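# build the 3D model from these lines:
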Amino acid sequence: MIYLRDDIGKTLYEQLYEIIRNDILQGQLRKDQSLRPIRTLAKELDISNNTVSRAYQMLLSEGYI
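Numbers count the residues shown, from 1 in each chain. Model prediction:
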């Protein structure tokens, strides 16, 4: 389960990026495993599509996905 907070001094996309990155590094999420679609995850977390997209773009640019 993903929990994002708006009171810790990090943006929501940074938090999401770190959670997914940590899941990949810990082996809970394989590098070649599909991530949930942007709209689905955004709806589940009640955040904007842009927030999820930005986190995914960071993961992609750093080679995690």
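
# what residues are up against the closest residue to Ser48 other than its chain neighbours?
Using CB to CB, 6 or more residues apart in numbering and skipping residues adjacent in sequence, the residue nearest Ser48 is Ala42, 6.1 Å away. Backbone N, C-alpha and C define where each C-beta goes, glycine included. Contacts of Ala42 were listed using CB atoms under 8 Å, 6 or more residues apart in numbering, and they are Ser48, Asn49, Thr51, Val52.

# and for Thr11?
Thr11 makes contact with Thr51 under the criterion CB under 8 Å, 6+ apart.

# any idea which residue sits dead centre in the protein?
By CA atoms, centre = their mean, the mean C-alpha position of the chain lies nearest to Leu16, the distance being 3.6 Å.

# work out the gap between the host helix or strand of that residue and the centre of the chain.
Secondary structure from DSSP states H and E places Leu16 in helix 12-25. Average the C-alpha atoms of helix 12-25, do the same for its chain, and the two points are 5 Å apart (CA atoms, centre = their mean, to the nearest Å).
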